[in-house]
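S.K.: Just the structure for this:
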Amino acid sequence: MSPLDHALLALADPTRRAILARLARGEATVMELAAPFDMSQPAVSHHLKVLERAGLITRGREGTRRPCRLAPQGLAPLDAWLSDLRASLERSYARLDDLLAEIPPSGDTP
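M.R.: Numbering: from 1, shown residues only. All right, here's what the predicted structure looks like:
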């Protein structure tokens, strides 16, 4: 599976997106991340493994704490794909604008 596929798979789940949103505010432990969800700690740990495998988070070790942090470089494949898609759409819209500019306004028929 490609890095883009891993990122898209990870982002497809609303719980994982919520975890990323929480980590955007700063690092957190598994227990802190699990608190707002009605699921077991092992279930949250599974979500964290998916995010880590996708390169979207890192997990460290500070004594007995295992803080999770965002890994922004994990979004690079997704960002590149979206940029390519956006550029393609902009080219298509520019071609459409050019075609529409060639059509005479209504009422200008000979």
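S.K.: And stretch 27-43, end to end?
M.R.: In terms of CA to CA, to the nearest Å, the two terminal residues of stretch 27-43 are separated by 19 Å.
S.K.: Give me the distance from it to the chain's centre.
M.R.: From the chain centre to the centre of stretch 27-43 is a distance of 20 Å (CA atoms, centre = their mean, to the nearest Å).
S.K.: helix, strand or coil for Gly26?
M.R.: Three-state assignment for Gly26 (DSSP: H, G, I helix; E, B strand; the rest coil): coil.
S.K.: start at 40 instead
M.R.: New numbering, starting at 40: the last item is Gly65.
S.K.: Give me the neighbour count for it.
M.R.: Gly65 has 10 neighbours, counted by other CB atoms under 10 Å. (Glycine included, C-beta is placed from N, CA and C.)
S.K.: buried stuff in the helix or strand that contains Pro81?
M.R.: Using DSSP states H and E, Pro81 sits in helix 80-92. Neighbour-count burial for helix 80-92 flags Val83, His86, Leu87, Val89, Leu90, Glu91 (criterion: 16 or more other CB atoms under 10 Å).
S.K.: now the fourth one: how far from Arg61?
M.R.: Spelled out, that is Val89. To Arg61, Val89 is 15 Å away according to CB to CB, to the nearest Å.
S.K.: where exactly do the helices run in the protein?
M.R.: Along the chain, the segments classed as helices by DSSP state H run 42-50, 53-62, 69-73, 80-92, 115-141.
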